[in-house]
Every structure is written in C-alpha cells, then in structure tokens.
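Peer 1: using only what follows, build the 3D model:
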Amino acid sequence: MKRKIINLNFFLFAILLLNVVEIKAQDETDSLEYAGYVNIAFGKIAQEDLPGAVSSINIPELFKKNYYTNTTDGLRAFVGGYTGNIWGQEPLVLVDGVPLGTGAVNPSHIETITVLKSAGAVVLYGSRAAKGVILITTKRGEIKPLSIDLRANTGLYVPKRYPVYLNAAEYMALYNEASRNDGITERYDQSSIYNTAAGTNPYRYPDVNLYTSEYLKKVYNRSDVTMEVSGGNQRARYYSNFGMVYNNDLLNYGEQKNNNNLQVNVRSNVDMVITDWLRGSVDAGVIFEDIYRGRGDFWSTASTLRPNLFSPVIPINMLDVSNKSIADMIEDPSNRIVDGQYLYGGISTMQTNALADMLAGGYNKTKNRVFLFNVGLDADLGMWIKGLSFKTGYSVNYQSAYNENWSEQYAVYQPTWSNMNGSDVITGLTKYGVNRPSTNETISSAIYAQVMSFRGHFHYNRSFEQMHNFSGLLGAWGFQIHDASNLTNSSDVNSGSDYHRTSNANIGFQAAYNYRHKYYLDFSSAVTVSAKLPKSNRTAFSPTLTAGWRLSEEEFFNVSFVDNLKLTASYADLKQDIDIIDYYLYATDFNDRSPWYTRDIRGGVFGTSSRRGGNDNLTFVQRQEFRVGLETSLLNNFMMLDANYFLQYTTGLLSQGASSIFPSYFNSGIGNFLPYINNDKDKRTGVDFTLNLNKKIGQVDATLGFSGMYFTSKAIIRDEAYADDYQYREGKPLDAYFGYVCEGFFESADDIAAHARQTFGEVKPGDLKYKDLNGDNVIDSRDQKDLGRNGWAVPPFSYGVHLTLKWNNFSLFAFGTGNSGAIGFKDGNYYWVYGDRKYSEVVWGRWNEVTKNTATYPRLTTTGNTNNFRNSTFWMYKTNRFDLSKVQLTYDLPNQIFANTFIKNLSVYISGESLFTISKERKLMETNGSGAPYNRFFNLGFKTSF
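Peer 2: Numbering: from 1, shown residues only. Coordinates of the predicted model:
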C-alpha cells in the first residue's frame, strides 16, 4: 500500500512540476483517432514513437485485398515473432480491453490488431498479460453522412485427401500373415477371402469403405453476408455491424446429411460528446449460434472400423422367414426398417455404432449465446491541469451454451448365414438392444461463463516547445472470469463450476519522455495482486525500463539512403501467477477434508493422510527479459525493417522437489508431504523480424513482406535425477523430444540373441531393434535420448511471406507461412497398426521373409506389440513445410459506372485458401487419419458501399 501511495504522489508531483515551468506549451492534438497512431495498453501512441516489439495491422486496409473469416488468420505473415503464440508463449487476447478471446469478434468488426510482444509493452496489464497480448480494437463511427457497406461471400470446401486403408480381402489376407507371424491359427479361410474380393455378397462378405460418395459429398458450402452502418456528427458517432454465416457439412448419410451451423451476430459501438470536457461510449453485441448435428461419430468410425467386421444393414429379403424366431423379429412393430428393406447390422461388441446412430439415433442441437456490453467515459481535465485526462470503463459479458438432444434406442442384428439351393440365406438372427422410441428432447449439458472487467486511468500528455514530450499513466485494471457447468465428468474440460473465479487485478504506472522524437525513456510498472499465493506474498511489483535513440536525427548521421534508424532497448522484471496452476497450492492438503482422517484397517486405528505439504514462502513466477530492437527504413521507404532480439528467463516455476530436493520419505506409503516450491527455471531467446519492400514497377505497385523468428529455449533448472547424463532435461530445449535410436529390424533369432535384451515384450524377427546407449546390455527407458525439437510451442525457425500487386483496378494478394527445424513422429492408429486395428496403406511395406531387404514397416502382429510402437528414430520425420495459405484476385469496378446511382463503389473478388503444401512429408501433412479431412476453400465475393 505504501508503494502505491509513493507512485501516486510521484505522478501528481511530476504533473504539477511541468505546469509551473515557465515555457510555452504546444497545443495538443484534439484527437488521436487518425492514421499514424497505434493502439497500445490503455491508449494510443504515434507510430514513430513506438517503444519496440509492438506490431499493428490495419484490418480494413487488409480487407480490401484479403477477405478472411478467422480473426488472427494470416497474422504470422505480417508480424515477426507471432506463430499462434508470441515468442513461444500463449498470449492474452483482449477485445476492446476485455479478455474475451478471438471467437467473440469477427474480422469485419475489427479496426486494428496490435501484437504486444515485449514485457515493457504488456506490463500495465499485469500478471495475466505476462506472456504477451493480442490487442483487438473494434471499429468506431466517424464524422460523416450515413454510410452502408455490404459484403457477401459464398464458397466451397474441397477435401485435400482422405486416408487410404486396405479393402476387406486385403485386410483378411494380411491379418492371416500377422497370425502366422505370431504362431497362431489363421483367422480367415481362403473361401471367405475369395468371396469378399469377388463381391459375391456384400452383406455376408462385407467390404465397408466409408470414404465414398455413399457417405460423403464432394464439397460443402460456406456463405456469409455482412452489413456495416456508420456515420455521425460532432455530438455522436455510431458504427453497427450485422452479420450472418451459414455452412453445411461434408457428410451425406442419415441424419448427418442435415448437419449445419448458423451464426448471427450484431455489434454496435456509439461514441458521444456529453459536454466539452466529457465523452462517453456504449458498445453492445450479441452472437447467436445454432449447430445441428446428427448423432454418431462418423469420422472416428471411418478410421477405425475394420472393413470386414459387419455389414451396416441386413437385407430383409435374404432372411429365412420360415424360421419362426426370425419371422417374430420381423413382425415386431417396434422394428426400425431402413428404406423398407433393411435392418440395422451390428455385433455383440458393437451394439451401437456410428452408422446406425446416423440413421436412427437422433440429433444434437447446440445453442451458443454471447452477450457483450461495454460502457466508458473519457474526461478531459485540462481545465485543471493541461494535458491531464481520465478514462474509465466497465464491461460485462455473458456466454451460455447448452445441448438439446433427441436420442432413440435401437436394436442391431447379427446374421447367421447358410447356403440353401445355391443361394445365401440368413438362417439365424441375433438381436442386440431394444427399439425404444423417444418423444422428448433432453438438455445434456449447459455451460455458462461471465467476464467482468473494470479500468480507470489518469493520463497525461504534454509537449513543450515542440521538443519535450511527456506522457504518464496511473490507474487500475482488473477482470474476473467465472465458469459454470452442469457437467460432472472430471475428464471434461468444461466439467463442474469454478470454486475460485479467474481474476486479475493490478495498479499500473507509466512515465515516458522523449526529446524531439529522438531520445526516448519509458518507465512502466505494475503492482499485481494474486489470491493464489499465501497472504504474505500476494502483492508484487513489476518494473520495466525502455530506452530509445533515433540515430537518423543526429547531425553526425549523414547517410542519404537511410530515412529512419531507431534503436531501442528494454529490461523488465514481471511477476505472474499464470504458471501457478491452482489456488491453495501453498497450503497443506489432506485426503479427506470432512472428517480430516482416514481409517487404517490394518491396525484399526485412525490417522491423518497428507496429499501435499505446505509452503508459506511460495511466491510469484518471474519473467525477466532483456530486449534490443532495430527499426529502420531505407531508400525513400523502399525497404522497412523492424527486428528484435530477446532474452527471457522464467524463474520460480513450480516443482515439488521429489527427485533431487526433498528426501524420499516425504512421499511414502503413509502420505505425500511434498510442498510446491519455486524451483524450476526456463530460458527463451530469439530474433524476430518484419521486412517490407515497396516498389512501383511500371504501372504495377508491388509490396513484398517477409516476417519470421529464430527461436531457441533451454531448461535451466529442473528437479530431476537420472542415472545417465544424456537423459537430463536440464540443459536441453524445452521442446526436446526423447525417444529411442532405431538400428533397423531384427533379421533372425540369432540377431535377437546377439543384441542387448529388449524389455518391451516378446521380440521376433521383423521387430525394431534399438541402440543400447548406456552399454548395460538391456534396452529400457534409460536408453532414450534427445532426438530433436518437436516445436510444440514454436518451431526453431518460422516465417511468413506476403505479396501484393496492384495494376489499374486489379489487386493480387497472396501469403504463405512455413517453418523448419522441428521433428514429429508418425503415430496414431494410421501408422501404429497392431492387434485388431484397421490396416492403412503403410502396412504394405511390412517386414517378412520375402520383403526383409526392402521392408519399410515392422512385421504385422495380432498382439499389442509394445516393442515396435513407441517413439523412436524409425517413426521420426522433419516437419519442415511451406504452405501457400491464400491467393485473392480483386477487381474494383470504375466509380464512374455508378455516377448516377446510389452505389458508391463495387468490388468483386475470388480467392483460394490452403492451396498447397511444399514438404517432403506433404502427403502426411495433408491427411487427417483420425478426423474430418483438411480442406481447401474457394470463395467468390463482392463488396459495395451506399
């Protein structure tokens, strides 16, 4: 509290001192709402005065050449250091200063997106912003007559590729091979394989392939329409946005052929001049989204259902109706008959299945509702102290979602086939389940979230003699998020309700000065409060210091081709509780809080049982950061470069010290007494850059942009204990991936006998052979090593490129993104095929005695085979790739065409998204082996103004 008072006194003293100095003050600009200013924390700043590590995108300008639907789509092509996160960490997303996430706003609502990367740029937002901020600012009205903009689009999603699986006969033949490999009897006789391959009777010898036109459309549609209404006068300005988005689905079977999403959104921002010194704003928005889905997990079934397991339908005309039990089943009035010809197929282990669900199981309707409300006041206090103002605002936002389900029970049937008089006949029918119709919809889940936010700040902006420019800020900001749900499944991320709301509260202080926009100094800080920590440690001070120097304004700097050259540097020490995952981690915890004891049945006595030890010294996690920045433009803005080098240490990350700090008896059979302590430390360092080239070539205006980041990380301190030095995570990259070094296939029993003993189950010829790293003649977990970086946060090198060409009324825009230096593993059901799993095309390269010299896949097996299917260099691949993400061609019709009409302008455009991937592993990257396919999107749209 004492520190807060000192900050306030200092701020007021500095303001009074500047006002008593007998120099003539320059008149301030009436408004900062014009080009050349960038949104930053709680305000705006001139582009030339940006302190560094701040990037801003003007979305309306981008929209003129690039229509898109995802709020942050393509951002990495324009902003170095952004890859979906910022400098390798997940940022806080603020919409008009409120933590709502990107789903609460559509791109057509947005005026600017500002990416705040450095600690100095985010410190005023406190703890929750300690990993970076994406600041989204929505459009506002302007002083102009009523204006209406209308945009409409329609497009097609086209699947890139589907996974390829073996057909039923191929599967049966190779499964027999797997049986022989395991020394067991073959499951399928040759007659069954022949009849399956010949398609003799697809109901008796099924060959089910769900990736066909029987179940899937070739394309599906997305359409949207948006209307923007804006205008205003000196007293009031308004902006409203009305939008609707509709898309259907790729599925074309059963109830799921009716799958669709419909979203309607309305947003309105109003600014008012209440008095000469007081302005106000009111923003409101609603989002209504309805999602309709037929029941049944089609994509999971498509990727796992073996092609010969059973026929989805049983033909009634092939039933032996002379069999009384079959006749009774058919005559059951509750029966579900498909198209008057079929019963639902199934087996005892799949009494419900996705295909029957899609035909008879019912549907699910999801209702999402979002309500947004912001109110703000902006008071000019210049009548008391020139340059002083006060801004405050309050926001409340509600989101609710619930599911309406109609679910029906149905029976499935497993046939027994016989051959009578040369024809296949079903002579037996086993029924599983019951046919039980439902007439009621039920509410299966309900989720509710509330976000409340408050801000209040004094601002000071003053320039003296066009040389001395001062600015300051003192204020408070906080928000609270409350999540609630009627779900009780502990594995569901939406399960239950929060006991503690997610909160952020801090006081921010900033004092900045620049001399002739040449020398810069900025001190920004925050006092943060966290309820996650013990009372003695709940308050922390986060200081940052930034300095800048524009060399190009120095008299001695006489380099004609340099338009602008500015250097910046900053140091920050931010305190945060984001990485403190829960409340009360500082407190001792027991197994049963109600009676505070558990019964020991061995001795019939009572005693406490601890789950966690206490630590009253638990404190904040620190982000300590040093940054150096370069901003330059050359040759009359032909080339513009913004680059940053950053070095971050995250210290005080939580650990329980089980491996190297506390003795083993702290976690014994009678309880766990290990406390959480601030022990671990991470290091992140990198260079980000954004380079833009602008050139007029004949009649063509060309812009080429290239952005990227080189990123490294290291675990500096870890609580760990390993027998072998190469297994320590300390000193390795944070995304180091450990696994085994594969030395190929075992060729024979002698090869197995001569090799170190592998401890992952029975090993046979054709299984993978691993390197004995520690030389103990045993292959176990101690033989795993660092195989490379998997880029889970950010790849070692990531980049984006964008190109704009303008000629006459045509504009061609394209952008792409890429990365290199990381590794991945071919895993999941598509690559790790064993037991009764469905066989994908990769098994064609399996090892056997014939293919042993050319094999690309281990031997087939009917068992789990834990030896082969674990991360190793055998499954490893490089994730290097470049994606051409977007190409759009726009034509602006000449305005003179509309000279005598109410239409002001009209543009039409055509575009394609996710067009192609350049990579050695392109096929893998374009194939989704476990869900809906990846798609290309082709769009046609227009935009007009009235």
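Peer 1: correct me, but Asp682 touches Arg718?
Peer 2: No - contact criterion CB atoms under 8 Å: Asp682 and Arg718 do not qualify, at 9.4 Å. Using the backbone N, CA and C atoms, a C-beta is placed for each residue, glycine as well.
Peer 1: got the end-to-end distance for stretch 120-134?
Peer 2: End-to-end distance for stretch 120-134, by CA to CA, to the nearest Å: 14 Å.
Peer 1: chain center to it, what's the gap?
Peer 2: 19 Å (CA atoms, centre = their mean, to the nearest Å).
Peer 1: could I get the average pLDDT for it?
Peer 2: Taken as a whole, stretch 120-134 carries a mean pLDDT of 94.
Peer 1: show me where the stretch 101-250 of the chain has helices.
Peer 2: 119-122, 168-182, 190-198 (DSSP state H, counting those that start in this stretch).
Peer 1: average model confidence for the second one?
Peer 2: On average, the pLDDT along helix 168-182 is 97.
Peer 1: now do it against helix 190-198: the angle between them, please.
Peer 2: Counting by axes from the mean of the first three to the mean of the last three CA atoms, to 10 degrees, helix 168-182 lies at 150 degrees to helix 190-198.
Peer 1: helices or strands up against helix 168-182?
Peer 2: Counting contacts by 3 or more CB pairs under 8 Å, 6 or more residues apart in numbering; DSSP states H and E, helix 168-182 is packed against helix 190-198.
Peer 1: put the alpha carbons of the helix it packs on into PDB.
Peer 2: Taking C-alpha atoms only, helix 190-198 is exported to PDB below (Å, rounded to 0.1, in the frame of the first residue of the first chain):
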ATOM      1  CA  GLN A 190      -9.400 -68.700 -48.400                       C
ATOM      2  CA  SER A 191     -13.000 -69.100 -49.500                       C
ATOM      3  CA  SER A 192     -14.100 -66.100 -47.400                       C
ATOM      4  CA  ILE A 193     -11.200 -64.000 -48.700                       C
ATOM      5  CA  TYR A 194     -12.100 -65.000 -52.300                       C
ATOM      6  CA  ASN A 195     -15.800 -64.300 -51.900                       C
ATOM      7  CA  THR A 196     -15.000 -60.900 -50.300                       C
ATOM      8  CA  ALA A 197     -12.700 -59.900 -53.100                       C
ATOM      9  CA  ALA A 198     -15.200 -61.000 -55.700                       C
END
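Peer 1: circling back: tell me the most buried of the helices of the stretch 101-250 of the chain?
Peer 2: Mean neighbours per residue, mean count of other CB atoms under 10 Å, is largest over the helices of the stretch 101-250 of the chain for helix 119-122, with a mean of 30.
Peer 1: counting contacts, what elements does that helix pack onto?
Peer 2: Using 3+ CB pairs under 8 Å, 6+ apart, helix 119-122 sits against strand 539-550, strand 562-576, strand 621-634.
Peer 1: could those go into CSV alongside distance to Tyr238?
Peer 2: As requested, the helices and strands packed on helix 119-122 are exported to CSV (distance: least, CB to CB, whole Å):
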stretch, distance to Tyr238
strand 539-550, 37
strand 562-576, 37
strand 621-634, 36
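Peer 1: measure the residue nearest to Gly393 when sequence neighbours are not counted to Tyr909 for me?
Peer 2: Nearest non-adjacent residue to Gly393, counting by CB to CB, 6 or more residues apart in numbering: Gly376, 3.6 Å away. Noted for Gly376: a distance of 36 Å to Tyr909, by CB to CB, to the nearest Å.
Peer 1: just Thr539 next, same as before
Peer 2: Distance, Thr539 to Tyr909, using CB to CB: 53 Å.
Peer 1: Arg455 now?
Peer 2: 39 Å.
Peer 1: ok, Arg76 next?
Peer 2: 22 Å.
Peer 1: the two: which is more packed in?
Peer 2: Comparing Arg76 with Tyr909 by neighbour count (other CB atoms under 10 Å), the higher total belongs to Arg76, at 24 against 21.
Peer 1: in three-state terms, label the more buried one for me.
Peer 2: Assigned by DSSP: H, G, I helix; E, B strand; the rest coil, the conformation of Arg76 is helix.
Peer 1: over to the one 3 residues further on?
Peer 2: Per three-state DSSP, the secondary structure class of Val79 is coil.
Peer 1: my guess is it meets Ala53, correct?
Peer 2: No - under the criterion of CB under 8 Å, Val79 is not in contact with Ala53, lying 10.6 Å apart.
Peer 1: more neighbours: these two, which one.
Peer 2: Ala53 (30 against 26).
Peer 1: check contacts around the more buried one.
Peer 2: Residues in contact with Ala53 (CB atoms under 8 Å, 6 or more residues apart in numbering) are 81, 116-118, 120-121, 568, 570, 627, 629, 644, 646.
Peer 1: rerun at 10 Å
Peer 2: Going by CB atoms under 10 Å, 6 or more residues apart in numbering, Ala53 touches 80-81, 86-87, 115-122, 132, 546, 568, 570, 625, 627-629, 642-644, 646, 688.
Peer 1: in the stretch 1-150 of the chain, where is pLDDT below threshold?
Peer 2: Low-confidence regions of the stretch 1-150 of the chain, defined by pLDDT under 70, span residues 1-35.
Peer 1: please redo it, this time with the cut-off set to 80
Peer 2: Along the stretch 1-150 of the chain, the parts satisfying pLDDT under 80 run over 1-36.
Peer 1: please apply the same query to the stretch 301-450 of the chain.
Peer 2: Ranges of the stretch 301-450 of the chain meeting pLDDT under 80: 333-334, 439.
Peer 1: how about the helices in it?
Peer 2: Counting by DSSP H, counting those that start in this stretch, the helices of the stretch 301-450 of the chain are 324-331, 354-356.
Peer 1: most neighbours per residue, which of the ones you listed?
Peer 2: Most buried among those, given mean count of other CB under 10 Å as the contact rule, is helix 354-356, at a mean of 26.
Peer 1: and that helix, what does it pack onto?
Peer 2: Counting contacts by 3 or more CB pairs under 10 Å, 6 or more residues apart in numbering; DSSP states H and E, helix 354-356 is packed against helix 298-304, strand 342-344.
Peer 1: to Asn323, which of these lies closest?
Peer 2: strand 342-344 (14.4 Å; CB to CB).
Peer 1: picking that back up, quick check: neighbours shared by Val79 and Ala53?
Peer 2: Here Val79 and Ala53 share the contacting residues 86, 115, 117, 642, 688, scored by CB under 10 Å, 6+ apart.
Peer 1: and which of these is nearest Thr804?
Peer 2: Asp642 (18.2 Å).
Peer 1: beta-bridge partners for the closest one, please?
Peer 2: As for beta bridges, Asp642 partners with Glu631, Thr690 under DSSP bridges.
Peer 1: counting neighbours, what do you get for it?
Peer 2: Number of residues near Asp642 (other CB under 10 Å) recorded here: 24.
Peer 1: that one and Gln648: what is the separation?
Peer 2: Asp642 is 19 Å from Gln648, by CB to CB.
Peer 1: likewise for Ser609?
Peer 2: Distance of Ser609 to Gln648, given as CB to CB: 40 Å.
Peer 1: go on, Ser914?
Peer 2: Ser914 sits at a distance of 33 Å from Gln648 (criterion: CB to CB).
Peer 1: Arg128 now?
Peer 2: 17 Å.
Peer 1: for Met244, what are its contacts?
Peer 2: 152, 223-227, 262-266, 288.
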